[in-house]
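*Asks:* take a look and give me a structure for this.
(chains A, B, C, D, E and F)
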Number of protein chains: 6
Amino acid sequence: MRLQMMTWAEVEASVARDSGILMPIGSTEQHGPTGLIGTDALTAEVIAWRAGELADAVVGPTIPVGMAHHHMAFAGSMTLKPSTLIAVITEYVLSLAHHGYRRFVFVNGHGGNIPTVNAAFYEVYAALYGHGPVEGPELRCRCISWFELPGVQRLTKELFGSKEGAHATASEISVTRAAFPDTVKSAPLEPAQAPISRFFDARDYRRRHPDGRMGSDPSVASAPAGRQVIDTAAAELAAAYRQFGTMG
Amino acid sequence: MRLQMMTWAEVEASVARDSGILMPIGSTEQHGPTGLIGTDALTAEVIAWRAGELADAVVGPTIPVGMAHHHMAFAGSMTLKPSTLIAVITEYVLSLAHHGYRRFVFVNGHGGNIPTVNAAFYEVYAALYGHGPVEGPELRCRCISWFELPGVQRLTKELFGSKEGAHATASEISVTRAAFPDTVKSAPLEPAQAPISRFFDARDYRRRHPDGRMGSDPSVASAPAGRQVIDTAAAELAAAYRQFGTMG
Amino acid sequence: MRLQMMTWAEVEASVARDSGILMPIGSTEQHGPTGLIGTDALTAEVIAWRAGELADAVVGPTIPVGMAHHHMAFAGSMTLKPSTLIAVITEYVLSLAHHGYRRFVFVNGHGGNIPTVNAAFYEVYAALYGHGPVEGPELRCRCISWFELPGVQRLTKELFGSKEGAHATASEISVTRAAFPDTVKSAPLEPAQAPISRFFDARDYRRRHPDGRMGSDPSVASAPAGRQVIDTAAAELAAAYRQFGTMG
Amino acid sequence: MRLQMMTWAEVEASVARDSGILMPIGSTEQHGPTGLIGTDALTAEVIAWRAGELADAVVGPTIPVGMAHHHMAFAGSMTLKPSTLIAVITEYVLSLAHHGYRRFVFVNGHGGNIPTVNAAFYEVYAALYGHGPVEGPELRCRCISWFELPGVQRLTKELFGSKEGAHATASEISVTRAAFPDTVKSAPLEPAQAPISRFFDARDYRRRHPDGRMGSDPSVASAPAGRQVIDTAAAELAAAYRQFGTMG
Amino acid sequence: MRLQMMTWAEVEASVARDSGILMPIGSTEQHGPTGLIGTDALTAEVIAWRAGELADAVVGPTIPVGMAHHHMAFAGSMTLKPSTLIAVITEYVLSLAHHGYRRFVFVNGHGGNIPTVNAAFYEVYAALYGHGPVEGPELRCRCISWFELPGVQRLTKELFGSKEGAHATASEISVTRAAFPDTVKSAPLEPAQAPISRFFDARDYRRRHPDGRMGSDPSVASAPAGRQVIDTAAAELAAAYRQFGTMG
Amino acid sequence: MRLQMMTWAEVEASVARDSGILMPIGSTEQHGPTGLIGTDALTAEVIAWRAGELADAVVGPTIPVGMAHHHMAFAGSMTLKPSTLIAVITEYVLSLAHHGYRRFVFVNGHGGNIPTVNAAFYEVYAALYGHGPVEGPELRCRCISWFELPGVQRLTKELFGSKEGAHATASEISVTRAAFPDTVKSAPLEPAQAPISRFFDARDYRRRHPDGRMGSDPSVASAPAGRQVIDTAAAELAAAYRQFGTMG
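*Replies:* Below is the predicted model:
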């Protein structure tokens, strides 16, 4: 159930039954020669929507642009500063908390968002409580990156082995091929498997990973594999969401 | 051409040919008993995508949550503070300017965003130039609200007359019905045509407009009407975009 | 009654009778070869003070510097970033709300302020209520630009016809001549009537409007005309203020 | 020469001759039973304008609302947060620096502004140079509180002795009586001379100084005394300004 | 070599030889019945100083208060908001970058800082480069939490097994006992080993971990064990620092 | 009693007895050819710790980096922007206020911090009360610079006469020699006594004071003198703290 597709009266009734919500967050950034710039937003969204169906949960609007400063040496990449993304997440959560939402599962599609999203949760608590818990509702925020779910990791290892990689991965490109069959891109991949190394800023990233990929050989990506990844990720997420709703 | 669906190499080639971009911006807020919470984001997106096809223009990621504080007395509404929305717009534009984009047409679906979006453009210029123009690229930013386009206004008058209204309008609900036929909602509308008056904050809005509508009778909305609105708005936008690209 | 000229005990007694206040806001920016840099602040102040007398209303301190980034290519222009002006307006309103003021009419002298002032009002509501209306006083903020008042527009059309223009207008220069007879400037105006066109940033503004005027021929300005403008604007404002005080 | 009363061409010519400027900054806050709420803004303005004439210096627009949180328990007082006032001062200075101004003398009328104004100067330098001096113009900012000028202190001691006090002083009320003869207020002063003590926040201030005065007996204020204070302060300021312009 | 103990000329000479620096960052927060409130700052500092000796590296001033909002239900805990800590880290790094430092290893003593510190590094890059790499120095920032170093984890497993825990750990309390023998505290620990569970905000943390410990039995802490931990951590850090200095 | 060395239960008991706290704040900046970069942080800390013993007061963690933009032309100097330092001080105070602390004495070691620290106190009050005092605890904040204490000034005059100076003073270098005997530096001082003059930004500071000292001849500094300064300053501070605790 997408929040965007409900009326306010439907939301009012729904939040009275279940005060949890799934919040997709992605990024808009290069994904190598054959990956879509919107990969991280599109995958988070597709997986969150499917998980919402499985868990009978409301799914909020997707945050499409995240923290991707390290990709800014490649055309089309967009980024918010960490402090701006923190403000955005804080205001999304506080808006929904005003209507009674209490448990927020951010469904994340981009590794580079993880520190900022987790930092943001404490900015939310600080905005709500000041410098210590006093009155007011008690919120719970959690960030789950779909590509870190154990079942997904088992599956991608099985499907792609070492070709999965760390950026512009075989699995994420498979997910976009499953969800958007019209957007399959082809381009030479040289070398077949991209190098991988620790990087620092955007210049450094491009110097070390000249075509944008990190460690991956996305030529093995496929729509059928993407469907498996979506199903697995959504099922794990739905289970995590339900457990989150009942934990003490 | 959605930016999200391109590779970085495609963006690099595209921006060299045309340094303009369409940027949809909407809102996530109540739209009366039968309107979708995502109406303003969905309509801006649908119309911008269609305009992008007509004008052969790139369309950036949609900003789904805008300035809707006055709707916060209705469940499901979300809002950014004006100052946060200004930061988001500024960083979207500066990210894309780094890759060579120079002309930004924000395609807006929400009246409440207009002051903040226009204020944001000067925050962009200040971020780029400091307190006066010196070096650096020259950007042009413009906000076009699709529902204010002259042809759209003529059409909605023709289609709906005085039932169009000012919020949860017949035309915007028609657009979502055209684009998302599965999301048609039915609910009693009492009175048939909602009252309209000047309002101030969110409490005041709800007191004056108890079911969220302002001046509209959306029972006249329909998918076929929505298709006409989309076509008209997209054609006008495409023309404005092309003219913007060539103005001295 | 200027707030600046009252004692705190007088304010305390006055706000108990009438919780409204007029707040002049202007700008400090070029106004062509013969207009004063302070035109927008001076006109807003003069008109607000006169309106205050007519409506028996308190008038707060003038905000002398507004959002004028687009004038920064001309010497003497000053500007706040939109986000800073939002902070200033928010704190002015919250300061006065602490003492019991509830209805704020900003009397605006500068078109470039309009988006930011209107955005600021929602920053005020957000500062006061967080992400939704809960407890606390209910404020009403409104921005009236004197040059957009219907009676003023009728009058300036009558007085100046098409020579009024859009910046460094005949009417605003007339108002400063009426109020400050010692500051009449003379300088060649070439062409007599300035060009008018859509502009974007400060460089673009100067390129299109090389002497700073936009569409105006201020050689027709005069002190007697200024007195008429002041009287008309103040009377309309006073009426709007009184109606604002009584609206449901 | 008030900046507000000049044209942009006059400013351009003037700043080429003298890159200094006087910047009045005041406050809008209670000044006891008989003092005007605008006292600090009005006195700074009057004295800066007179000094501008003596020194043939340009005088910028007055900052009318300063840092007066400690007066907020008295009706009519207004305040900016220190961080907001810092932003305002920074943007005033950077606006004028863009046009060539290099030496800024803030003429201050309110003791409570002193820390924030001095802190702001380093925010200006940080905004201009980042974390260390590199390129760019070299600015000099200085804050002179007129009531701390040695000649003024000698004069007020002579005129008022121990009745001068520390807030709602005999001298500042005299200055407003000299400048605005129509605004003389009368109210009982009990005790004749107000108590004086160290205070912390606004509640504490009011508890210790129940009518708003601190240490003063403003019944000795007079317009003739005010004229002497204005003359003395303006002459000292003009001398300081000239010396500032020539220091190595 | 502590930066605090050098003269500016010594720093100037030193940074010319080695542009790296160790930056200790801790926290000021409860550490259970027997742990010091300053544990995370003290351990980071002691270990960074020792590593500095081993690696012949400069060690900057310790950031003593970090992101510890979740500990605020226990007396004495202090916290910065994530966005404020990001500003502090950004300005520390930019200050030192102005003098030629290029490689920053933050030596972290507090798990709760990790997201914010990593987010801050991209705020640094954004502050330095805007929205993409252009000119300017190339910085490298890295965060190493001493308790996550592989050798330290092997050692604490060996020394304390499952009694180590996750907060108020046996190892960190051992480090403070080694470094500050006078500060050994004794208090009953009930139960001997504290519970461990996922927590959200500060209220939730205290409810689940009523004496502040998480999973630990610090009764096994000892000064000799602390000396081993310090030695191991410092040696690993020194090696990581040297490798960081030479990586391509 | 250092807060860092207490357990949370000890803090809880202690704050119930005495709601005051000493807060050392210093700076990290050049101190001439023979002074330590950490001088201002080290001296504030040493003196605050000793005062804490004398007054039986808790001493919070030291703020090691302050507002020192004017020293940034010398290697090793670090600075926060005034607005960032205000945020840090505000959050330190609010954290401790949450646990019951009510009276804060900042023990300051750096003249350049004074405006910002005093401005910060009003940011604290604004954060706590909004735009006027309503509910909530009543805090009292005070800044005492140890080098401005009357007894310290008498002593340094006696010890060093005119050689004390204004930056890199004989007394502060004596204090670090007393506290850290291993850090005595020797370097030529040319001229013996440094020049002193009014300065503006960092470039200007270095041009006027090429070796960093201002007015001082620190060759007269000594550890025994430092011990006297520490004892005198700590005793005065302890007395001021006790008096602060009992004032009405």
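*Asks:* pLDDT weak spots in chain A?
*Replies:* Applying pLDDT under 70 to chain A picks out residues A:134.
*Asks:* tell me the residues of it that contact chain E?
*Replies:* Proximity of chain A to chain E, by C-beta under 8 Å from any C-beta of the partner chain, involves residues A:67, A:69-70, A:72-73, A:79, A:81-83, A:86-87, A:112, A:114-123, A:125-126, A:129, A:131-133, A:138-142, A:198, A:200-204, A:247. The way it works is simple: take the backbone N, C-alpha and C, and place the C-beta from them, glycine included.
*Asks:* could you list which of those belong to helices?
*Replies:* Counting by DSSP state H, those place A:82-83, A:86-87, A:114-123, A:125-126, A:129, A:202-204 in helices.
*Asks:* now the strands for chain A?
*Replies:* In chain order, chain A shows strands spanning A:20-25, A:103-108, A:140-145, with DSSP state E as the criterion.
*Asks:* of those, which is nearest residue D:220?
*Replies:* Closest to residue D:220 of the strands of chain A is strand A:140-145 (C-beta to C-beta; 62.4 Å).
*Asks:* please report how far the closest residue to chain C within chain A lies from residue C:130.
*Replies:* Closest residue of chain A to chain C, C-beta to the nearest C-beta: residue A:98 (3.7 Å). For residue A:98, the distance to residue C:130 equals 7 Å [C-beta to C-beta, to the nearest Å].
*Asks:* give me the more crowded residue out of these two.
*Replies:* Between residue A:98 and residue C:130, counted using other C-beta atoms under 10 Å in any protein chain shown, the more crowded position is residue A:98 (22 against 18).
*Asks:* for the more buried one, which non-adjacent residue is closest in space?
*Replies:* Leaving aside its chain neighbours, residue A:98 sits nearest to residue C:132 (3.7 Å; criterion: C-beta to C-beta, 6 or more residues apart in numbering or on different chains).
*Asks:* ok, now which ones touch the residue of chain A closest to chain C?
*Replies:* Listed by C-beta atoms under 8 Å, 6 or more residues apart in numbering or on different chains, the contact set of residue A:98 reads B:72, C:130, C:131, C:132.
*Asks:* what is the burial count for the third one?
*Replies:* Applying the criterion other C-beta under 10 Å, we find 25 residues in the vicinity of residue C:131.
*Asks:* how about the nearest residue to the residue of chain A found nearest chain D, chain neighbours excluded?
*Replies:* Nearest residue of chain A to chain D (C-beta to the nearest C-beta) works out as residue A:83 at 15.1 Å. Nearest non-adjacent residue to residue A:83, counting by C-beta to C-beta, 6+ apart: residue E:83, 4.9 Å away.
*Asks:* what residues are up against the residue of chain A found nearest chain F?
*Replies:* Chain A approaches chain F most closely through residue A:132 (3.7 Å), counting by C-beta to the nearest C-beta. Applying C-beta under 8 Å, 6+ apart to residue A:132 gives the contacts E:72, E:73, E:202, F:95, F:98, F:99.
*Asks:* so how far is residue E:202 from it?
*Replies:* For residue A:132 relative to residue E:202 (C-beta to C-beta), the value is 6 Å.
*Asks:* quick check: neighbours shared by those two?
*Replies:* By C-beta under 8 Å, 6+ apart, the residues touching both residue A:132 and residue E:202 are E:72, E:73.
*Asks:* the spatially closest residue to residue A:44 that is not a sequence neighbour - how many residues pack around it?
*Replies:* Nearest residue to residue A:44 in three dimensions, chain neighbours excluded: residue A:109, at 3.2 Å (C-beta to C-beta, 6+ apart). Applying other C-beta under 10 Å, we find 28 residues neighbouring residue A:109.
*Asks:* spell out which parts of chain A neighbour chain C.
*Replies:* Counting by C-beta under 8 Å from any C-beta, chain A sits next to chain C at A:91, A:94, A:95, A:97, A:98, A:99.
*Asks:* next, count neighbours for the residue nearest to the last one when sequence neighbours are not counted.
*Replies:* The spatially closest residue to residue A:99, leaving aside those adjacent along the chain, is residue B:75, at 4.6 Å (C-beta to C-beta, 6+ apart). Using other C-beta under 10 Å, residue B:75 is surrounded by 23 other residues.
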